[in-house]
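**Student:** return atomic coordinates for the entry below.
(chains A, B, C and D)
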There are 2 protein chains.
Amino acid sequence: MATIRERNKRLIIKTACQVFADKGFAATKTSDIADQAGLPKANIYYYFKSKEALYRAVLESIIDPLLQAYSSFHSEHEPARALEAYIKAKIRISREHADASKVFASEIMHGAPHLSSGSLEQLKAEAERSIERIRQWIEEGLMAPVDPHHLMFTIWASTQTYADFDWQIIQITGRRKLTAKDYDSAARLITDLVLKGCEVQKAEDT
Amino acid sequence: MATIRERNKRLIIKTACQVFADKGFAATKTSDIADQAGLPKANIYYYFKSKEALYRAVLESIIDPLLQAYSSFHSEHEPARALEAYIKAKIRISREHADASKVFASEIMHGAPHLSSGSLEQLKAEAERSIERIRQWIEEGLMAPVDPHHLMFTIWASTQTYADFDWQIIQITGRRKLTAKDYDSAARLITDLVLKGCEVQKAEDT
DNA sequence: GTCTATATCTGGATAGAC
DNA sequence: GTCTATCCAGATATAGAC
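**Tutor:** Numbers count the residues shown, from 1 in each chain, chains lettered A, B, ... in the order given. Model (predicted):
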């Protein structure tokens, strides 16, 4: 049951997410958010005690999807399947949580000054666990001996770019907006490069 | 001959570049730049008419390196050589112009509100020309039929990430600072993925 | 060309009526 | 729970002495 409080908080977070993604934290005025949400500014402050608290709410909303994306590294035994699923999940985040993803990227670029240390630790732990998993696969001879860190950085960067640099991508492709097909072919290209580069063959379904 | 004017402008731009990269345009205070440069704030305004003018100077400083990086697409006839050289050039930019590169990325992320339309057009033209070149190589059967746009986006993202997300990379690798070796192995991994993915073999030197 | 002191304005946050 | 009017800290930019 959606109380008035919940509905409003949701509207404010959703709008804030768009504006923060567009302008960045510092350049965003709370009045921008209020105007775009069709509310008076004071209403924002009734629900969130400060601009920063609102920003943190937006920021934390992307943590769970990012953590979830790592699941294939735990559930899959073959590197090809795990990597493919991870790339797919990351591209889906760039598509379905484009704004929050961008806010997160901007935050990381500036050294994560607002991110809670709890979230940071979780993200770091999952990343390290997955990198360790890749290292094992290499030791077991299931993959070419690529540098697992750099492999991960390339996957992060190339999937994340469809959220962060959407403006650039739209400029270059001449699209008015990225479509489902665009995201799919992006995922396919990245997966191809990674699987061929790691010399693991795409596993057929069992 | 370095006049006092030139020396000071250079110092201010260099310092501004660091601070803008660290905090972003809006969050940067002109007094931060002044303090870090060891100058009184009014001195900044003696050399630059506004914070934005100074920011634009920083921003424009990265355009030329970015344009130069495309040269291998024009000078090289084999895709393998051109792609390898381009990746190397882009990684070198991430290393040697890390701060300006980051400022540029942040600018693009937010829709390039401060970038001159001239620079924008030049960058776009070079990008499109290079993408067209890749398309030709594919038609001539020199490369696998990958999507040239997505290939370019992946190269941009994976090379750019070493400047933009340096903080993250340092967190994960546990390094105190990225070394020449780190950049080299990054370039090697990205080049490997791209060349294998495009099914072009690394050309031996003639 | 340098720097202190200050004008001016923007934008986060709140008081208090409804 | 909503909203107008307002406060005030902080930041850009400048005036004007040196």
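**Student:** are the biggest helix by length in chain A and chain B in contact anywhere?
**Tutor:** Taking DSSP state H as the criterion, chain A has its longest helix at helix A:117-139. Yes - counting by Cβ under 8 Å from any Cβ of the partner chain, chain B has neighbours in helix A:117-139: A:K124, A:A127, A:E128, A:I131. For every residue, glycine as well, the C-beta is placed using N, CA and C.
**Student:** quick one, the helix or strand following that helix and helix A:117-139 angle?
**Tutor:** Per DSSP states H and E, the first helix or strand lying C-terminal to helix A:117-139 is helix A:148-164. Using axes from the mean of the first three to the mean of the last three Cα atoms, to 10 degrees, the inter-axis angle of helix A:148-164 relative to helix A:117-139 is 130 degrees.
**Student:** coming back round to it: in a markdown table: the residues of helix A:117-139 next to chain B, plus neighbour count, pLDDT and distance to B:K51.
**Tutor:** Formatted as a markdown table, the residues of helix A:117-139 next to chain B follow (neighbours: other Cβ atoms under 10 Å in any protein chain shown; pLDDT from 0 to 100; distance: Cβ to Cβ, whole Å):
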| residue | neighbour count | pLDDT | distance to B:K51 |
| --- | --- | --- | --- |
| A:K124 | 13 | 98 | 35 |
| A:A127 | 20 | 98 | 36 |
| A:E128 | 15 | 98 | 40 |
| A:I131 | 17 | 98 | 41 |
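**Student:** from these, which are also near DNA strand D?
**Tutor:** Filtering these for proximity to DNA strand D by Cβ under 7 Å from any atom of the strand leaves nothing.
**Student:** now, among those residues, which is nearest to DNA strand D?
**Tutor:** A:K124 (30.0 Å; Cβ to the nearest atom of the strand).
**Student:** tell me the angle the helix or strand hosting A:K14 makes with helix A:148-164.
**Tutor:** Using DSSP H and E, A:K14 sits in helix A:4-23. Going by the same axes, to 10 degrees, helix A:4-23 is angled at 100 degrees with respect to helix A:148-164.
**Student:** does DNA strand C sit close to helix A:4-23?
**Tutor:** No - using Cβ under 7 Å from any atom of the strand, helix A:4-23 never reaches DNA strand C; the gap is at least 9.8 Å.
**Student:** how about stretch A:37-48?
**Tutor:** Yes - Stretch A:37-48 is in contact with DNA strand C by Cβ under 7 Å from any atom of the strand, via A:K41, A:A42, A:Y45.
**Student:** which one of these is nearest chain B?
**Tutor:** Proximity of these to chain B (Cβ to the nearest Cβ) peaks at A:K41, which lies at 18.7 Å.
**Student:** residues touching that closest one, list them.
**Tutor:** Contact analysis of A:K41 by Cβ atoms under 8 Å, 6 or more residues apart in numbering or on different chains lists A:T30, A:S31, A:A34.
**Student:** quick one: pLDDT of the last one?
**Tutor:** According to the per-residue confidence, A:A34 scores 98 in pLDDT.
**Student:** now it. Nearest residue, chain neighbours left out?
**Tutor:** Excluding its sequence neighbours, the residue lying closest to A:A34 (Cβ to Cβ, 6 or more residues apart in numbering or on different chains) is A:K41, at 4.2 Å.
**Student:** contact residues of chain A facing DNA strand C?
**Tutor:** Within reach of DNA strand C by Cβ under 7 Å from any atom of the strand, chain A has these residues: A:T28, A:K29, A:T30, A:S31, A:K41, A:A42, A:Y45, A:K49, A:S50, A:K51, A:E52.
**Student:** buried subset of those residues, written for ChimeraX?
**Tutor:** To isolate the buried members of the residues of chain A next to DNA strand C in ChimeraX, using 16 or more other Cβ atoms under 10 Å in any protein chain shown:
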select /A:28,30,51
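**Student:** B:Q201: which of the residues of chain A next to DNA strand C is nearest?
**Tutor:** Nearest to B:Q201 among the residues of chain A next to DNA strand C: A:T28, at 49.2 Å, using Cβ to Cβ.
**Student:** my read: the closest one touches A:V19, true?
**Tutor:** Yes - taking Cβ atoms under 8 Å as the definition, A:T28 is a contact partner of A:V19 at 5.2 Å.
**Student:** near DNA strand D, which residues of chain A are found?
**Tutor:** Counting by Cβ under 7 Å from any atom of the strand, chain A sits next to DNA strand D at A:T3, A:I4, A:R5, A:N8, A:L39, A:P40, A:K41, A:A42, A:N43, A:Y46.
**Student:** farthest-separated two in those residues?
**Tutor:** Farthest-apart pair in the residues of chain A next to DNA strand D is A:T3 and A:K41; separation 22.2 Å (Cβ to Cβ).
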